[in-house]
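Asks: here is a sequence together with a model predicted from it:
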Amino acid sequence: MTTMTAVRDPVGKIDPEFSDPAASPTPWWEVRQVLETAQVYWLSTVRGDGRPHVTPIAGVWVDDAVHVATGDDEQKQRNLRGNVHTVLTTGCSGLVGTDVVVEADADEVTDLGRLQVVAEAYASKYRNTFPYEVGEGHLKLRDARDSVIRCYRLRANKVFAFKKDDPVAQTKFLADEA
């Protein structure tokens, strides 16, 4: 399955069953803006025994995808080692705005150049709350010499936008239709 890229913005299809008849599909630029500017995301992974695991996480938009980071000893990292399928959600907690759900495969980033871009994006977006530096194929915390922070690019397979404003609209974007 191809990824959703800026080469050609994906075109969403509205789901008439869950949308107001007057609604039109949420444009990709609006979905992308939600993904770029969110401060908190919820990452869902699957444990080895099949049980779900959900955790709030910080993330950044780099090269047309959300990137997330996790410590080497964290539950989500153990889960991703065994199963790369994830769901990332973000949006608003009220009845106005747009919620976004991304079904994705998590690809570990080890390229030093891309890791540097991700570290800089975290520093810019979160004002150095996450002081990442590039290690040998991973990120590390600036003041923790031996830290290992794994970085993952979430390669979207399917994205849903749930627009809760008037008119209500549910839009689906598929990677292979991008």
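Replies: Yep, it's here.
Asks: center of this structure - which residue?
Replies: V66 (3.8 Å; CA atoms, centre = their mean).
Asks: residues in contact with that residue?
Replies: Counting by CB atoms under 8 Å, 6 or more residues apart in numbering, V66 makes contact with 35, 41, 59-60, 88, 102, 104, 153-154. Just so you know, the C-beta spots here come from the backbone N, C-alpha and C atoms, and that holds for glycine as well.
Asks: between these, which sits nearest H53?
Replies: L88 (13.1 Å; CB to CB).
Asks: just to revisit the earlier point, out of the contacts of V66, which is most surrounded?
Replies: Among those, the one with the most neighbours (other CB atoms under 10 Å) is G59, at 26 neighbours.
Asks: ok, it - contacts?
Replies: Taking CB under 8 Å, 6+ apart, we find G59 in contact with 38, 41, 66-68, 88.
Asks: and V34, by the same measure?
Replies: 90-91, 98, 100, 161.
Asks: now these as a markdown table including secondary structure, neighbour count and pLDDT?
Replies: Formatted as a markdown table, those follow (DSSP: H, G, I helix; E, B strand; the rest coil; neighbours: other CB atoms under 10 Å; pLDDT from 0 to 100):
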| residue | secondary structure | neighbour count | pLDDT |
| --- | --- | --- | --- |
| T90 | strand | 22 | 98 |
| G91 | coil | 19 | 95 |
| T98 | strand | 19 | 96 |
| V100 | strand | 25 | 98 |
| A161 | strand | 24 | 97 |
